[in-house]
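Undergrad: what follows is a predicted structure for the sequence shown.
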Amino acid sequence: MPIPHHKSQAKAESVTPLPDSDQDSSLGLKQVFRRWDLISLSVSSVGPMFSVAATGGVMAAQAGWYTIPAIFLISIPFLISGFSFRLLNYHFPHSGASYHWSAKVLGKGISRFQAWVLILAYFASIPPIIIPASSYTLSLIAPHHVPTTSAELAASAFWVLFAAIPLLGGGRPTARITQVFLLIEMISLLGFTIIGIIRWPQIHVPIHFGPVPVGGILVVAVVAATILDGWEIDSYASEEAQRPRNDPGVGGIIGAFMALGFYAILYPLMMGETPLNLLANATNPLAIWSDRLIPQAPWIMLIPVLASTAGGLWLTSFILTRALYAMGREGIVPSPFAKLSNRQVPHVAIIIILGMAFTVTGLQTIFSSLSSFFSLVLSGAGFFLVVEFFLDSLTASVFLTTGHRKLADFQMSPHAHSALLVGSIISATMFGGLIVAFFIYGPKIIGSSIDKILLVLLALGVVFSWLKRRNGDQVEFAGKDITTPNDL
């Protein structure tokens, strides 16, 4: 699907534009990200090795070998969304991204509801990253010991504090540290792929698909949203991009395709070389697979998984804190969320979000009765991510149908317009179908209470939107390119 080419900038429609300065912390976020920075953030935020480690066991239990077609099913609308995001980023660069786009196209009421969904989607994704990070760390330090509750809490606190370092340090340190961790992950992915191919003749297991578990496939497709998202981080970094109308969206497209490529290699190798009964509901299926590849050396897999987990933790937090920063400016959430430090980062939002995430993690760790809540949180995160992308696809569809006519500079060929419009409609339809399917099959597979929990949270979103109906004016980012067109 072609990426549209534009010759001029879209007109600002907001009554409250932001000054286009990158130096004064009172004026907004600092524009520091180049294109390569945004690409590395998008790829690392997907966290392929952590994603497989965290969700592979649940997926194997629910769909077996049908996990692979389930991932490809959900990847279709996600890949299409990458091109829609590129278009919306060009016209409406904003650290609020999704909820800001819907305000411009669908109206402020839907935008406020989408803000609620966005908060739920990304906050629900953070504790399921902290908990495995703690577990993997303790397994690396003391592989033959059962960790105590205090040790788990200490490891969780370590990773929360560690994630705060790049986030509070600013955009440039975040990008540089992310690139180091991404390099570790990429080298490890390549290494395990090569070893897996070499070892295939000795350790492969029979491939047996069996009857098609329709419900399991559909539920796994929704859960897989958590392993195919993250690439959209460059949309939320738009106000920190040096070329805010040109670079955001490019990294997202690359990240989305790379994520699918990683899983197209990792899942067949892992499931083809490890019995499904060992993978099903395993807390770290990659460790089980690596033990078959390189026996008695679990640290070889744990190190890259931890690197992937760490990057996913602070980058997921990055998305949420930038969105909350934008919402704070507009009064959708309390105004302290919009405060910036002298490094021009939303430090209040960072501290509050990481503190709340650690609190949730601590409750799950201390109270064993909440252990089953982990799967509900993970599934809930996937569900709200699907809702979020459904609304984004709907926004793109409406914008491509009627909204773009309000913009004098909307210069796209009829072919490009038609391709993006058809793609957006397809992705919105698929996301919508998965939302309905999750309500049908989720209670049977995940737990009888999951649909009630999700309905209550959605209803609270309607209440949230109504309560915030009188809050603040919409703020438009008015930053300009500060590098040459060829500067990556």
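TA: Perfect, I can see it now. Nothing here was measured: the structure is a model prediction, and the numbers come from that model.
Undergrad: in three-state terms, label Asn246 for me.
TA: coil (DSSP: H, G, I helix; E, B strand; the rest coil).
Undergrad: now do the phi/psi pair for it.
TA: Asn246 adopts backbone torsions of phi -120, psi -40, taken as degrees, to the nearest 10.
Undergrad: what does Ser95 give?
TA: Torsion angles, degrees, to the nearest 10, at Ser95: phi -70, psi -10.
Undergrad: also Glu476?
TA: Dihedral angles for Glu476 - degrees, to the nearest 10 - are phi -110, psi 130.
Undergrad: didn't it look like it was pressed against Gly96?
TA: No: here Glu476 lies out of contact with Gly96, judged by C-beta atoms under 8 Å, at a distance of 10.4 Å. Placement of C-beta: from N, CA and C, glycine included.
Undergrad: the more surrounded of these two?
TA: Gly96 (30 against 18; other C-beta atoms under 10 Å).
Undergrad: how about the more buried one, secondary structure?
TA: Quick answer, by three-state DSSP: Gly96 is coil.
Undergrad: helix or strand with the lowest mean pLDDT in this structure?
TA: strand 16-17 (a mean of 54; mean pLDDT, DSSP states H and E).
Undergrad: Ile425: how many residues sit nearby?
TA: For Ile425, using other C-beta under 10 Å, the count is 17.
Undergrad: just the element for it, please.
TA: helix 414-445 (DSSP states H and E).
Undergrad: tell me the helix or strand right after that helix.
TA: helix 450-467.
Undergrad: average pLDDT across that following helix?
TA: In this model, helix 450-467 has an average pLDDT of 92.
Undergrad: next, the angle from it to helix 414-445.
TA: 130 degrees (axes from the mean of the first three to the mean of the last three C-alpha atoms, to 10 degrees).
Undergrad: all helices of the stretch 101-250 of the chain, in order?
TA: 108-123, 127-141, 149-169, 171-203, 214-223, 225-228, 233-236, 250-272 (DSSP state H, counting those that start in this stretch).
Undergrad: hmm, who's touching the second one?
TA: Spelled out, it's helix 127-141. 50, 53-54, 145, 147, 151-152, 155-156, 158-160, 226, 283-284, 287, 298-299, 302-303, 305-306, 309-310, 312-313, 316, 357-358, 360-361, 364-365, 374, 377-378, 381 (C-beta atoms under 8 Å, 6 or more residues apart in numbering).
Undergrad: what angle do the helix holding Ile425 and helix 214-223 make?
TA: Using the same axes, to 10 degrees: helix 414-445 against helix 214-223 is 120 degrees.
Undergrad: what packs against helix 414-445?
TA: helix 67-91, helix 214-223, helix 373-401, helix 450-467 (3 or more C-beta pairs under 8 Å, 6 or more residues apart in numbering; DSSP states H and E).
Undergrad: tabulate those helices (a markdown table), appending distance to Leu269.
TA: Shown next, in a markdown table, are the helices and strands packed on helix 414-445 (distance: least, C-beta to C-beta, whole Å):
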| stretch | distance to Leu269 |
| --- | --- |
| helix 67-91 | 11 |
| helix 214-223 | 18 |
| helix 373-401 | 23 |
| helix 450-467 | 31 |
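Undergrad: TSV for the ones you listed, including mean neighbour count?
TA: Output for the helices and strands packed on helix 414-445, formatted as TSV (neighbours: other C-beta atoms under 10 Å):
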stretch	mean neighbour count
helix 67-91	23
helix 214-223	24
helix 373-401	24
helix 450-467	15
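Undergrad: looking at those, which is nearest to Ile195?
TA: Ranking those by their distance to Ile195 (criterion: C-beta to C-beta) puts helix 67-91 first, at 20.4 Å.
Undergrad: what mean pLDDT does the closest one have?
TA: 92.
Undergrad: show me what contacts the residue nearest to Tyr236 when sequence neighbours are not counted?
TA: Nearest non-adjacent residue to Tyr236, counting by C-beta to C-beta, 6 or more residues apart in numbering: Arg322, 4.3 Å away. Going by C-beta under 8 Å, 6+ apart, Arg322 touches Leu29, Ser95, Gly96, Tyr236, Ala237, Glu239, Pro346.
Undergrad: from what I can see the last one touches Pro336, true?
TA: So the one you mean is Pro346. No: between Pro346 and Pro336 there is no contact under C-beta under 8 Å: 9.4 Å.
Undergrad: hey, what's in contact with both of the two?
TA: Gly328.
Undergrad: of these two, who's got more company?
TA: Pro346 (28 against 13).
Undergrad: backbone dihedrals for that one, please?
TA: Main-chain dihedrals, Pro346, degrees, to the nearest 10: phi -80, psi 80.
Undergrad: could you tell me the model confidence score at it?
TA: Reported pLDDT for Pro346: 96.
Undergrad: and for the one 10 residues further on?
TA: Per-residue confidence (pLDDT) for Met356: 95.
Undergrad: quick check: closest non-adjacent residue to Ile76.
TA: Met430 (6.3 Å).
Undergrad: ok, the one you found to Gly261 distance?
TA: 20 Å (C-beta to C-beta, to the nearest Å).
Undergrad: then Ser150?
TA: Relative to Gly261, and taking C-beta to C-beta, Ser150 is found at 41 Å.
Undergrad: again with Leu189
TA: For Leu189 relative to Gly261 (C-beta to C-beta), the value is 10 Å.
Undergrad: who's more crowded, the two?
TA: Using other C-beta under 10 Å, the more surrounded residue of Leu189 and Gly261 is Leu189, with 17 against 11.
Undergrad: flag the shaky bits of the stretch 1-150 of the chain, pLDDT-wise.
TA: 1-27 (pLDDT under 70).
Undergrad: measure Ala53 to Ile187 for me?
TA: For Ala53 relative to Ile187 (C-beta to C-beta), the value is 17 Å.
Undergrad: higher neighbour count, these two?
TA: Comparing Ala53 with Ile187 by neighbour count (other C-beta under 10 Å), the higher total belongs to Ala53, at 27 against 12.
Undergrad: residues near Ile207, how many?
TA: 10.
Undergrad: show me what contacts it?
TA: Residues counted as contacts of Ile207 (C-beta under 8 Å, 6+ apart) are Trp65, Gly272.
Undergrad: quick one, phi psi at it?
TA: Torsion angles, degrees, to the nearest 10, at Ile207: phi -90, psi 120.
Undergrad: ditto for Asn284
TA: phi -150, psi 80.
Undergrad: name the nearest residue to it, sequence neighbours excluded.
TA: The nearest residue in space to Asn284 (C-beta to C-beta, 6+ apart) is Ala53, at 4.9 Å.
Undergrad: what helix or strand is that neighbour located in?
TA: With DSSP H and E as criterion, Ala53 is part of helix 48-63.
Undergrad: just the CA trace of that helix, in PDB.
TA: Provided in PDB are the C-alpha atoms of helix 48-63 (Å, rounded to 0.1, in the frame of the first residue of the first chain):
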ATOM      1  CA  PRO A  48       9.600  -9.600  20.000                       C
ATOM      2  CA  MET A  49      11.600 -11.800  22.400                       C
ATOM      3  CA  PHE A  50       9.800 -10.600  25.400                       C
ATOM      4  CA  SER A  51       6.500 -10.900  23.600                       C
ATOM      5  CA  VAL A  52       7.100 -14.500  22.800                       C
ATOM      6  CA  ALA A  53       8.300 -15.300  26.300                       C
ATOM      7  CA  ALA A  54       5.300 -13.600  27.900                       C
ATOM      8  CA  THR A  55       2.500 -14.800  25.800                       C
ATOM      9  CA  GLY A  56       3.700 -17.900  23.900                       C
ATOM     10  CA  GLY A  57       2.700 -20.200  26.700                       C
ATOM     11  CA  VAL A  58      -0.900 -18.900  26.900                       C
ATOM     12  CA  MET A  59      -1.200 -19.000  23.100                       C
ATOM     13  CA  ALA A  60       0.100 -22.500  22.800                       C
ATOM     14  CA  ALA A  61      -2.400 -23.700  25.400                       C
ATOM     15  CA  GLN A  62      -5.400 -22.000  23.700                       C
ATOM     16  CA  ALA A  63      -4.600 -22.600  20.000                       C
END
